[in-house]
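**Student:** Provided below are the primary sequence and the corresponding predicted coordinates.
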Amino acid sequence: MKKQIIVATVSATALLAAAPVLAQPQGTIGQYSDVVVEGSILEPEPITVSDDAELADLIKVPEGFTVEVAGREFGNIRILATHGDHLYATRRTESDVIRFDDEDGDGKYEGYTVVAGRPGMHGIAIHEDTVYLATVNQVFTAPINEDGSFGELEMIIDDLPDGGQHPNRTLAIGPDGMLYISAGSTCNACAETNPESATMLRAKPDGTSRTIFATGLRNTIGFGWEPETGVLYGADHGIDWLGDNEQQEEINRIEQGKQYGWPYVYDFSRLNPQDNPPEGITLEQWAERSEEPVLGYTAHSAPMQMAFYTGTAFPEEYRGDAFVAMRGSWNRRPPSGYEIARVDFTDGEPTTWDHFAEGLLIENEEGGYGFLGRLTGVTQAPNGDLLFGDDFNGILYRISYEGGEQADTAEAPMPPDVTVKPAESDIAINIVEAEGAVDVSSPSFGAGEMIPLKHAAEGDNASPALEWGTPPEGTQSFVVMVDDPDAAEPKPFVHWVLFDIPGDATGIDEGLGTDPVLQKPEMAKQGVNSRGQIGYMGPRPPLGDPAHNYHFQVFALDIAELPVEPGAKREDVLAAMEGHVLAEGEIIGTYERPGSEKPLN
């Protein structure tokens, strides 16, 4: 038995001695000056039960339900998926995908067949007759043959962010026909350098046009769309080392363009004392900008795959609910997880998150703990039963209901599409009314000339320097916007929103940072671009497109500070500018992709 208590004390004196003032938590003064954090390491010992009936009997489910072992010796089975009568699992350790073999059709799996293999294989999703597979950095597709084998794998994405602490990508096709990819954080709690880390990403099914759908999600392995409303929900892993009962695991309603707190805010607007938001933003402000979870669960339970139930084999009250595989804690006293949990949805809204299949965690008479399995995958079988897998022992389980209708539910209808589709609009300079003119130029390119590679997304992604000379009389601040009206969607594609530039500025330097609030220009703020990140995104038209035109627009305002927050959307900044624009100007540069795609930094 491995047991250890770790206690850490952080005092104001130690913090001040060890770090500069800028590194201190930017919340209410004194609120985080003396913090004591207690955490545990407690890893239960594995328990082996060789008899299937005895093992199944140890797992407790509600009255009327039955558990049975559906097969053994499957290795490190992780994420489960079905297609017709075929059941698949990814295996991270073995770096492959297997199809379970049920030769006699009795619901028990005698063996398996490897159908694909790539290093780091983890996520699997099936849409119609196509499978999507995710490794740490890559996404593949393949056709599914009639016998359940896969055709040749085709890589459609090769530059997902590096994994770090959370490399286990999962993916799904949404009701909008788009590909959603969960990219966990590289760390427990930190300021990520790649804006795609700790996010939900969205791309076209061919892997192109990838954007950030939502941010601040530490590690949302399990996610899916509620069948009645079409709303996306995900189960997120909480931050470690905040205590045995902190942070709760979360169910989030994941909406386009929203932020979910990590790493600076957790639970229901609780402030993380060990990490600081970007300079110029307080913890309280970050909390105000973040969405709270809809439900919480016991800390460190480790939610994995999540499956919405759409079958008819379970009682009516279970239909539309979500089942979540909880892999179990290693850092809590007493341990948590090691179970299948149920999220009860009523009228399309989540109401409770509670135990469903328990008993895999066992406490002995001496106060020690053991486990029968660590659960990762859960899915609905074609006949409406629930299947779940133990990635530690390689055991597959089945939960059925006595008297349930064994109807074929594999082809459940897609829920409605409720994603936000941006309305087409004109470039900013054609929307804003101004009498004066600003003479805009750039030392990097002339009007109508090609923008150098260093300013492109596949180059250095460095924002170009802009110059506009003496400010018009009465100028209190400037706004810079960069729009691409030649993009197919959204139109225009917004590459940069920079506002509250001091009114005495005569230009901006090359290569500005990506923080929401900049130190140069002092206290200038940045909004979100169409990729879903804050700061500048260089030109990146689709391969094969003719050169796009990029409008670098500058606006002189008679107001020193716009009433919008850092990270604001373009339309909100434009609305705040109304009636305050003294003068405007632009320089247009062009850009055409020079060759094959390169990874984004």
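**Tutor:** Right, received. Where do you want to start?
**Student:** list the buried residues of stretch 244-252.
**Tutor:** For stretch 244-252, the neighbour count (16 or more other C-beta atoms under 10 Å) marks 244, 246, 247, 248, 249, 250, 251, 252 as buried. Heads up, the C-betas are built off the backbone N, CA and C, glycines and all.
**Student:** next: stretch 274-291.
**Tutor:** 274-278, 280-287, 289-291.
**Student:** now do that stretch: distance to the chain's middle.
**Tutor:** Centre-to-centre, stretch 274-291 and its host chain are 19 Å apart (C-alpha atoms, centre = their mean, to the nearest Å).
**Student:** what's the end-to-end length of it?
**Tutor:** 20 Å (C-alpha to C-alpha, to the nearest Å).
**Student:** reformat the buried residues of stretch 244-252 as CSV; add distance to residue 535.
**Tutor:** Formatted as CSV, the buried residues of stretch 244-252 follow (distance: C-beta to C-beta, whole Å):
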residue, distance to residue 535
244, 38
246, 31
247, 28
248, 31
249, 31
250, 27
251, 30
252, 24
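**Student:** quick check: bridge partners of residue 477?
**Tutor:** residue 502, residue 557 (DSSP bridges).
**Student:** model confidence score at it, please.
**Tutor:** Predicted confidence (pLDDT) for residue 477: 98.
**Student:** pretty sure it contacts residue 561?
**Tutor:** Yes. With contact defined as C-beta atoms under 8 Å, residue 477 and residue 561 form a contacting pair (6.8 Å).
**Student:** joint contacts of these two?
**Tutor:** Common contacts of residue 477 and residue 561, defined by C-beta atoms under 8 Å, 6 or more residues apart in numbering, comprise residue 500.
**Student:** these two: which is more packed in?
**Tutor:** The residue with more neighbours, out of residue 477 and residue 561, is residue 477; 24 against 13, by other C-beta atoms under 10 Å.
**Student:** could you list the domains of this structure?
**Tutor:** Domain ranges of the chain: 2-42, 44-401, 428-591, per automatic domain parsing.
**Student:** mind checking which of the ones you listed is nearest residue 416?
**Tutor:** Closest to residue 416 of those, according to C-beta to C-beta: domain 44-401, at 3.8 Å.
**Student:** which of the three states applies to residue 571?
**Tutor:** Recorded secondary structure, residue 571: helix (DSSP: H, G, I helix; E, B strand; the rest coil).
**Student:** ditto for residue 57
**Tutor:** Residue 57 ends up helix, using three-state DSSP.
**Student:** redo the buried residues of stretch 244-252 as JSON lines? Include pLDDT and distance to residue 585.
**Tutor:** Formatted as JSON lines, the buried residues of stretch 244-252 follow (pLDDT from 0 to 100; distance: C-beta to C-beta, whole Å):
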{"residue": "244", "pLDDT": "93", "distance to residue 585": "59"}
{"residue": "246", "pLDDT": "93", "distance to residue 585": "52"}
{"residue": "247", "pLDDT": "95", "distance to residue 585": "48"}
{"residue": "248", "pLDDT": "96", "distance to residue 585": "51"}
{"residue": "249", "pLDDT": "98", "distance to residue 585": "51"}
{"residue": "250", "pLDDT": "98", "distance to residue 585": "46"}
{"residue": "251", "pLDDT": "98", "distance to residue 585": "48"}
{"residue": "252", "pLDDT": "98", "distance to residue 585": "42"}
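**Student:** residue 434 reaches residue 555, doesn't it?
**Tutor:** Yes. Look at residue 434 against residue 555 with C-beta under 8 Å: they come within range, at 7.0 Å.
**Student:** neighbour-wise, which of these two wins?
**Tutor:** Each of residue 434 and residue 555 has its neighbours counted (other C-beta under 10 Å); residue 555 has more, 27 against 18.
**Student:** on that earlier part again, let's see which of the buried residues of stretch 244-252 end up in strands.
**Tutor:** 249, 250, 251, 252 (DSSP state E).
**Student:** count of residues packed around the nearest residue to the second one once chain neighbours are set aside?
**Tutor:** Looking back up the chat, that one is residue 250. Using C-beta to C-beta, 6 or more residues apart in numbering and skipping the chain neighbours, the partner closest in space to residue 250 is residue 293 (3.7 Å). Using other C-beta under 10 Å, residue 293 is surrounded by 23 other residues.
**Student:** quick one: pLDDT of residue 18?
**Tutor:** For residue 18, the predicted pLDDT is 32.
**Student:** one more: residue 597?
**Tutor:** The score at residue 597 is 49. That number is its pLDDT.
**Student:** and if you look at residue 489?
**Tutor:** 87.
**Student:** what's near enough to touch it?
**Tutor:** 209, 422.
**Student:** show me the contacts for the residue nearest to residue 250.
**Tutor:** 236, 248, 250, 251, 252, 260, 267, 268 are the contacts of residue 293 under C-beta under 8 Å, 6+ apart.
**Student:** which of those lies closest to residue 521?
**Tutor:** After measuring the contacts of residue 293 against residue 521 - C-beta to C-beta - the closest member comes out as residue 260, at 29.6 Å.
**Student:** mind telling me what element residue 288 is part of?
**Tutor:** Per DSSP states H and E, residue 288 falls inside helix 283-289.
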